[in-house]
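Visitor: A predicted structure for the sequence below; I have some questions about it.
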Amino acid sequence: MRRRTVSPMEYYTITAKYANPGLSDFDLITAKAENFNGSRQYLHYLSSDTVNGLLTLKFIYITGQNDDDESFVEEMQALENLLDTKIDYALVKIEEMNQFTLRQLNIAKRLMHRNDFCGDSTAQWSVVETDEVLNKTHEMIGFSEFKTGIENLRAYCENVRRRGVRGNFNVVLVNKCDIETSAFVNIIYDLLSATKMIEDHIIITGELDDAAQTKRDNAFLYNIEQKWDNSGDCEYLAASKATKLLQKIAKRKTIYVTSMDKTQYELAREVDEFRRVFTHVIELNEPTVDEKLLLLKSDAKRLGVELDEDSIKNSDVLCMAQSALDAALVIAAQKALSDESAKVLTAIDFDKKFISKEKKNPYDELQEMVGLSEVKAKVDEIVGFLKKRGKDALPCLHMVFRGNPGTGKTTVARLIAKIFAQEGITQKDKFVETDREGLVGQYVGHTARKTADVISDAKGGVLFIDEAYLLGYSDSGRDFGAEAIATLVKRMEDYRKDFVCIMAGYTEEMEQMLSVNPGMRDRVQFYIDFPDYSAAELLTIFKSLCESEKYILPEEAANFISGYFASILRRKDKNFANARIVRKVFERVRVKQAMRVTDNDDMTIAVADIDGAFAEPDMLALVNGRGKHLNLGFAA
């Protein structure tokens, strides 16, 4: 075929066919096309079609190359090398183009000169159908909320198309685990492309100001990578330039995706303009420990290394945030591959502090806690009953922990979360800890939404509300605590099978809080009392602190400090701080010990160290019963 020159720029339709396509192959081709395209030549994706397993991709190609046959042959050969297959091509005139091709030609011409958008562009050659996108999403490990969000977005797209109305497809990803979001953005693009909501097969990335300055106004995806303000003032967005920019992009056909953390989103959603633009909210939550292990295995295989699963499980590696875990794996894999004999990663390869250790069963950890015999018996009773009768044998599993500070309420709640997950009583090993500040808002209506969000985070696991009695206190006449309790009561009933709520606090104060809303007591199934520690138990806690910090406590010193603990207990007040007092004593004693010894390797605690610590006024007040309102920690 002889190449005919009809203008300085020529337009060709290019057809490429693939018998066994792979998504990774197209990712590579797309990346190569970014380097191939320029101001003198441009390959622009038009459409794809699959018939009997044969995938056909169609493009429009703009060229301004020389018009001799040899150059043209080289040009077509370059395209075949780029697309990694034989191609068919045909010269096409503008007057012969249909409306769709002409529109895509105009887009391609603008992209050649990059004069209608601000930001970085990445061509997307979508070759997947809606079902494939959904299947790919559901095969992801973890991120159940994202999967639900994609299902909801797909249903929305279908409703918009069926009703023939203009939809708003903008998405905000609430990134609660600080994970890289590009893979999630690409899935959103694939879905919008498969449902024919995307006209221009490209993703442009830039800040909010770049998005507003972009002239193009058609259905393409713009990924706004903005450093959203996190000042703590809910009016920051409304009073800023960002509001005007949001008003500007709200009128466009462009589809916008952005991501922000939970705190930033809580602030941004209070601004009308932000909610008007970003109507679809999808959460990215931290994967569970089991999900992290599966993700780690998958990524390790992709990087060419293996995992010592026992080493990883019996360490704290999986307690790392997902983003930190991803980075640590890449670094560890690179180091391992530099040594041909070391391609199996252990916990210590992720971080030297993660030396593999014997990982205890959460039930065993509970039994090894100092004292708390009544608490342990109650937990045994609950777990034993549920194992025999099933998790649905009781209407709910919500609990109240009553007792003084420092009695292990938070630790026991964490272990119950693990035990319940291990026994299949709850769906996940998830423990969400909060307090009044995490539930109560600053104005009418804010509290209910804030409380509902925390409960949503805890679904599948345990929600622990520390110092829950503070919800019963009125805040300068504004009864927002009662609003939180009302929301909590309703959700504890509506979602009683979806999460376990444990509320903790002082005994008397918790009784007062439970009286604020008549329905609260009906929602609580178990009341567990945490008694104060005995002198012997306080001594055991002190010994464990010494052991963990590598101190030596001779018998004489142990007997001596036991006498002080007995004196403290005889004069304790009703809100005695228990293990917190022991921690305070330990910190003072180690300071005195450090001042006494001349050899830094001497870790022995002497009677003089203990006597010196209790000679200080605030410590002496504990022994003499005048320490009721002292702050814990070092004295000023």
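Guide: The structure has been received and is ready for your questions.
Visitor: What strand or helix carries the nearest residue to residue 170 once chain neighbours are set aside?
Guide: Counting by CB to CB, 6 or more residues apart in numbering, residue 170 lies nearest to residue 256, which is 4.5 Å off, once chain neighbours are set aside. C-beta here means a position set from N, CA and C on the backbone, and glycine is covered the same way. Per DSSP states H and E, residue 256 falls inside strand 255-260.
Visitor: Quick check: what element follows that strand along the chain?
Guide: Next helix or strand after strand 255-260 toward the C-terminus (DSSP H and E): helix 262-268.
Visitor: Backbone dihedrals for the nearest residue to residue 219 once chain neighbours are set aside, please?
Guide: Of all residues beyond its chain neighbours, the one nearest residue 219 is residue 199 (4.2 Å), with distances taken as CB to CB, 6+ apart. According to degrees, to the nearest 10, the main-chain angles of residue 199 amount to phi -100, psi -40.
Visitor: Next SSE downstream of the helix or strand residue 537 falls within?
Guide: For residue 537, the enclosing helix or strand under DSSP H and E is helix 535-548. Scanning forward in sequence from helix 535-548 by DSSP H and E, the next helix or strand is helix 555-570.
Visitor: and the residue nearest to residue 219, what pLDDT?
Guide: pLDDT for residue 199: 79.
Visitor: What count of nearby residues applies to residue 264?
Guide: By the measure other CB atoms under 10 Å, the count of residues near residue 264 is 21.
Visitor: The residue nearest to residue 170 - how many residues pack around it?
Guide: Other residues within reach of residue 256, judged by other CB under 10 Å, total 21.
Visitor: And for residue 112?
Guide: 18.
Visitor: Contact partners for it?
Guide: Taking CB atoms under 8 Å, 6 or more residues apart in numbering, we find residue 112 in contact with 37-39, 42, 62.
Visitor: do you know how far it is from residue 61?
Guide: Taking CB to CB, to the nearest Å as the measure, residue 112 and residue 61 are separated by 11 Å.
Visitor: Now list whatever residues contact both of the two.
Guide: Taking CB under 8 Å, 6+ apart as the contact rule, the neighbours common to residue 112 and residue 61 are residue 42.
Visitor: Which parts of the stretch 301-450 of the chain are strands?
Guide: 306-307, 344-345, 399-403, 431-434 (DSSP state E, counting those that start in this stretch).
Visitor: could these go into CSV alongside distance to residue 567 and mean neighbour count?
Guide: Conversion of those to CSV gives the following (distance: least, CB to CB, whole Å; neighbours: other CB atoms under 10 Å):
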stretch, distance to residue 567, mean neighbour count
strand 306-307, 53, 18
strand 344-345, 53, 18
strand 399-403, 22, 23
strand 431-434, 34, 18
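Visitor: where among these is the average confidence lowest?
Guide: Of all those, the segment with the smallest mean pLDDT is strand 344-345, scoring a mean of 85.
Visitor: What pairs with that strand, parallel or antiparallel?
Guide: Using DSSP bridges, strand 344-345 pairs in its sheet with strand 306-307 (parallel).
Visitor: And for the strand it pairs with, what's in contact with it?
Guide: The contact list for strand 306-307, computed with CB under 8 Å, 6+ apart, reads 296-297, 300, 343-345.
Visitor: Among those, which pair sits farthest apart?
Guide: Taking CB to CB as the measure, the contacts of strand 306-307 span a maximum distance of 14.9 Å, between 296 and 343.
Visitor: Of those two, give the one with the bigger neighbour count.
Guide: residue 296 (24 against 14).
Visitor: Can you read off the pLDDT for that one?
Guide: Residue 296 is given a pLDDT of 89.
Visitor: wait, what's in contact with it?
Guide: 307, 312, 318, 325, 329.
Visitor: at 10 Å what do you get?
Guide: If you count contacts by CB atoms under 10 Å, 6 or more residues apart in numbering, residue 296 has them with 141, 287, 307, 309, 312, 317-318, 322, 325-326, 328-329, 345, 350.
Visitor: cool, and residue 12?
Guide: For residue 12, the contact set (CB under 10 Å, 6+ apart) comprises 3, 43, 59-63, 75-76, 79, 87-92.
Visitor: ok, 6 Å please
Guide: Residues near residue 12 by CB atoms under 6 Å, 6 or more residues apart in numbering: 61, 89, 91.
Visitor: With residue 211 instead?
Guide: By CB under 6 Å, 6+ apart, the residues touching residue 211 are 222, 224, 249.
Visitor: shaky segments in the stretch 301-450 of the chain?
Guide: Scanning the stretch 301-450 of the chain with the threshold set as pLDDT under 70 gives 339-342, 352-359, 443-444.
Visitor: re the thing from before, so what's the model's average confidence on the helix holding residue 537?
Guide: Confidence over helix 535-548, taken as the mean pLDDT, stands at 92.
Visitor: sorry, back to before: and the residue nearest to residue 170, how far from residue 345?
Guide: On the measure of CB to CB, residue 256 and residue 345 end up 39 Å apart.
Visitor: Same question for residue 441.
Guide: The gap separating residue 441 from residue 345 is 45 Å, by CB to CB.
Visitor: How about residue 507?
Guide: As for residue 507, its distance to residue 345 is 49 Å (criterion: CB to CB).
Visitor: Give me the buried stretch members for the helix or strand where residue 56 lies, please.
Guide: According to DSSP H and E, residue 56 maps onto strand 54-63. For strand 54-63, the neighbour count (16 or more other CB atoms under 10 Å) marks 55, 57-63 as buried.
Visitor: same thing with stretch 589-598?
Guide: With burial defined by 16+ other CB under 10 Å, the residues of stretch 589-598 counted as buried are 589-590, 592-593.
Visitor: what do you get for stretch 384-398?
Guide: For stretch 384-398, the buried set under the neighbour-count rule, 16+ other CB under 10 Å, comprises 386, 396-398.
Visitor: And it, how far out from the chain middle?
Guide: 30 Å (CA atoms, centre = their mean, to the nearest Å).
Visitor: Helices of the stretch 451-600 of the chain, start to end?
Guide: Under the criterion DSSP state H, counting those that start in this stretch, helices of the stretch 451-600 of the chain are mapped to 480-494, 507-514, 518-523, 535-548, 555-570, 579-596.
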